[in-house]
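Student: Sharing a sequence plus its predicted fold:
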Amino acid sequence: MTKLLAYTYDHLSCIADYGTPDTHSHLALHFIFSPECSFSGTADGAAFEGRAVFIASDVPHIVNLDGCIATVCLFEPVSALGRYVKEAFLQEKSFYLPDEQFLDKINAVSARYANLFHAENFCIPKTDDCLEFDV
């Protein structure tokens, strides 16, 4: 089951536990983060493993989340947020694995906002509603 956290004009964020999809590519940039476990995958034919990854637009990729629940953010590449992701992290690469310092910052934000990125907290903050959809 995948649960939607945010949907705006320039990005979509959701909690995903969809296992392993087929290799695919799309226009959106990815940021995938799991506070609880490492996952593996490939992007542009290169293997990676970690608790977080940024994936560039139009890059064939697969992320193996088997057993992991992760926050998945999709960014419109021409938006301000998308341009920031490309300039700050991807820098013309097909994917980027953040370092432990970055992961510590994400965990701190998660703790500050009621552990938003943790699997047991699927609901949108300050509401009792959870948006759910099957993938």
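Tutor: Great, that's in hand. Since this is a predicted model, take the numbers as computed values, not measurements.
Student: Every contact and neighbour count from this point should use C-alpha atoms.
Tutor: Will do.
Student: got the residue ranges for the strands in the protein?
Tutor: 2-7, 11-16, 29-33, 39-43, 46-50, 52-55, 61-64, 70-75, 95-96, 131-133 (DSSP state E).
Student: Least reliable of the ones you listed by average pLDDT, please.
Tutor: The weakest mean pLDDT among these belongs to strand 131-133, with a mean of 39.
Student: For Thr23, which non-adjacent residue is spatially closest?
Tutor: Of all residues beyond its chain neighbours, the one nearest Thr23 is Ile62 (4.7 Å), with distances taken as CA to CA, 6 or more residues apart in numbering.
Student: Quick check: that neighbour touching His26?
Tutor: No. If you go by CA atoms under 8 Å, Ile62 and His26 don't touch, sitting 11.7 Å apart.
Student: what about the two, which has more around it?
Tutor: Neighbour totals were compared for Ile62 and His26, and Ile62 leads with 19 against 12 (other CA atoms under 10 Å).
Student: can you pull up the bridge partners for the more buried one?
Tutor: According to DSSP bridges, the residues that bridge with Ile62 are Thr42.
Student: any idea how far it is from Asp99?
Tutor: Applying CA to CA, to the nearest Å, the value for Ile62 to Asp99 is 21 Å.
Student: Also His61?
Tutor: 20 Å.
Student: Ala108: how many residues sit nearby?
Tutor: Counted with other CA under 10 Å, Ala108 comes out at 12.
Student: Identify the residues contacting it.
Tutor: Applying CA atoms under 8 Å, 6 or more residues apart in numbering to Ala108 gives no contacts.
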